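Visitor: structure for this input, please:
(one chain, ligands or ions: 1)
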Amino acid sequence: MSAAGERAPFGARLAAAMAAHGPLCVGIDPHASLLDAWGLPDDAEGLRRFALTVMEAVGGRVAAVKPQAAFFERHGSRGLAVLEEVVAAGRDAGTLVVVDAKRGDIGSTMGAYADAFLRDGSPLAGDALTVSPFLGFGSLAPAVDLALTAGRGLFVLCLTSNPEGRDVQHAVAPDPTTGAPRSVAAAVAAQAAALNAGAHPLGSVGLVVGATVGDAARSTGTDLVAVNGPLLAPGVGAQGAGPDELRAVFGEARGRVLASSSRGVLRAGPDVSSLRAAALRAAQEAAAALG
Ligand SMILES: O=C(O)c1cc(=O)[nH]c(=O)n1[C@@H]1O[C@H](COP(=O)(O)O)[C@@H](O)[C@H]1O
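Guide: Okay, the predicted model is just below:
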């Protein structure tokens, strides 16, 4: 149980959810083009109908959902209110909600982001938050502390699915302690591993490693097994990765992977049963690839 006395650690809750439903996270990315394809207006009411339709289709049936905050923020305060509804719907359905807001700032400001997305009582606090370590992993400390206290989790960007990510993540610099050369990605993974040490069955500080990154974990010396935390793998479906890529990218760490697909599932809407079928098919494929 968490220090709050109510919630088991995120890593344990995610491991149970993946065992029950398969290792799939459905991304809720209400692109303007998808709203249009679903016959919905590109406004806050269209956004609401889109997001709640996804929740109706997959709530209680997949391990997690991942609303992408940008698509809610582009509708202003009414869009954020819809994000709050999605968080509440996940809680009601017993489906973990990863809020994909990719926050990162100096520590004092990070504390405010942590309050918004990780503190009990905040309407935007789901079960986990995506964060960026590129202001220095230590700047994430307020989010790490609050997440672990509240039974919530983090997914720290490490090897992202976009090709431009290599410029930063593959860069090599001397380790400040030992002086040995180490890639940025390897350093991020090592710091997550230190936070997850001893956790069972899974730590609560995960990494984001795109399913599209090929042999990047090996070439950057990033030890994904040692992380002992969940590995969120976007890039499945619309960005081109499938079962073969999942197996190749994650190797021995594949049992800890939560594959994530947004457009690949969402294109099956707006019919609830088609959407549900697409999500369940993607979950089965991910389970077969990662089992
Ligand atoms: O953190 C993420 O989820 C993320 C990290 C990354 O490296 N690549 C990536 O695509 N994402 C997110 O995952 C989703 C991918 O959407 P689809 O390409 O439609 O499946 C988007 O919301 C991205 O912002």
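
Visitor: so who does the residue nearest to residue 241 when sequence neighbours are not counted touch?
Guide: Excluding its sequence neighbours, the residue lying closest to residue 241 (C-beta to C-beta, 6 or more residues apart in numbering) is residue 211, at 3.5 Å. Any C-beta I mention is one placed from the backbone N, CA and C, and that applies to glycine too. Residue 211 makes contact with 161, 233, 234, 235, 236, 239, 241, 245, 246, 249, 259 under the criterion C-beta atoms under 8 Å, 6 or more residues apart in numbering.

Visitor: mind redoing it with 10 Å?
Guide: Each residue near residue 211 by C-beta atoms under 10 Å, 6 or more residues apart in numbering is listed here: 161, 231-237, 239-250, 257, 259-261, 286, 289.

Visitor: and if you look at residue 86?
Guide: Applying C-beta under 10 Å, 6+ apart, the residues near residue 86 are 28, 47-48, 51-52, 54-55, 59, 65, 67, 72, 97, 99, 124, 126.

Visitor: check residue 19 too.
Guide: Here residue 19 is in contact with 63, 201 (C-beta under 10 Å, 6+ apart).

Visitor: sitting in strands, which of the contacts of residue 86 do you find?
Guide: The strands, defined by DSSP state E, take in 28, 65, 67, 97, 99 from the contacts of residue 86.

Visitor: surely the third one meets residue 88?
Guide: No - using C-beta atoms under 10 Å, residue 67 is not in contact with residue 88; the gap is 11.7 Å.

Visitor: what touches both of these two?
Guide: Residues within reach of residue 67 and of residue 88 at once, by C-beta under 10 Å, 6+ apart, are 55, 97, 126.

Visitor: from the contacts of residue 211, list the ones also adjacent to the ligand.
Guide: Applying C-beta under 6 Å from any ligand atom to those, one finds that 161, 234, 235, 237, 239, 260, 261 fall near the ligand.

Visitor: neighbours around the second one, how many?
Guide: It refers to residue 234. The tally of other residues near residue 234 (other C-beta atoms under 10 Å) stands at 28.

Visitor: indicate the residue of the stretch 1-150 of the chain located nearest to the ligand.
Guide: In the stretch 1-150 of the chain, the residue that lies nearest the ligand is residue 68 (3.7 Å; C-beta to the nearest ligand atom).

Visitor: my read: that residue touches residue 54, true?
Guide: No - with contact defined as C-beta under 10 Å, residue 68 and residue 54 do not form a contacting pair (11.7 Å).
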